[in-house]
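Enquirer: Coordinates for the following, if possible.
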Amino acid sequence: MNYIKNIAIGICILILVQGCGVYSFSGISISPDTKTFQVNFFQNQSPRIFPGVDQNFTNQLQDLILNQTNLSLTTSGGDIVYEGEIVQDYVAPNTATSDQTAAQNRLTVAVNVRFYDTKEPDQDLEQRFSFFFDYPAATSENAVRDEALQVIFERITQDVFNATLARW
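Expert: Model prediction:
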């Protein structure tokens, strides 16, 4: 009797463990055949060019995908491919004071992304992603630019990830 009970419990545990293998806690929806990804260099084609911005974005996107998936990074022939360009980088006044001067400025960056999935071509995507960072007008853009780009790129890369791999 105990033998049958142990076998039944073992089968139940096996079914539960197998069932959990299908679900991804990060919500990622990737074909099981997909093993590699490639992130081509995102060239800065915005009117304002700052050195290193393009490399910084490319690296942040690669790091995010490496950290949130089990895919391997490759330089060519990836099962999924990201490419695109930084198309906007501008500062505009965001709020005004009573004497009609800017109280706050907004740095906005936009990136055009093309996503190709060789295993599931119907999932291919081309989309523009943008985000912003507000800072006091009395502060120089150069003083906040590194922090601003970190915040902006963190949001844009997460949005790209969600649109392409999590498909939210």
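Enquirer: contacting residues around residue 31?
Expert: By C-beta atoms under 8 Å, 6 or more residues apart in numbering, the contact list for residue 31 reads 117, 119-120. (Each C-beta comes from the backbone N, C-alpha and C, glycine too.)
Enquirer: if I look at it, how far off is residue 152?
Expert: From residue 31 across to residue 152, the span is 30 Å (C-beta to C-beta, to the nearest Å).
Enquirer: any chance you could map the helices in the protein?
Expert: Assigned by DSSP state H, the chain shows helices spanning 2-20, 53-68, 141-161.
Enquirer: Which other helices and strands does the second one contact?
Expert: Under the contact criterion of 3 or more C-beta pairs under 8 Å, 6 or more residues apart in numbering; DSSP states H and E, helix 53-68 touches strand 36-39, strand 43-44, strand 72-73, strand 80-96, helix 141-161.
Enquirer: Against which helices or strands is the longest one packed?
Expert: Helix 141-161 sits against helix 53-68, strand 102-117, strand 125-136, with contacts defined as 3+ C-beta pairs under 8 Å, 6+ apart.
Enquirer: List the buried residues of it.
Expert: 144-145, 148-149, 152-153, 155-161 (16 or more other C-beta atoms under 10 Å).
Enquirer: give me every residue that touches residue 92.
Expert: 105-106, 108.
Enquirer: which one of those sits closest to residue 90?
Expert: Of all the contacts of residue 92, the one with the least separation from residue 90 (C-beta to C-beta) is residue 108, at 5.8 Å.
Enquirer: Quickly list what that closest one is bridged to.
Expert: Note on residue 108: beta-bridge partners residue 90, residue 132, judged by DSSP bridges.
Enquirer: Next up, the contacts around it.
Expert: With C-beta under 8 Å, 6+ apart, residue 108 has these contacts: 88-92, 130-132.
Enquirer: now swap in residue 33 and tell me
Expert: Neighbouring residues of residue 33 by C-beta under 8 Å, 6+ apart: 79, 119.
Enquirer: where does it fall, phi/psi-wise?
Expert: Per-residue torsions, residue 33: phi -80, psi -20 (degrees, to the nearest 10).
Enquirer: how close does it get to residue 117?
Expert: Separation of residue 33 from residue 117 (C-beta to C-beta) stands at 10 Å.
Enquirer: Right, I'll call it a day here.
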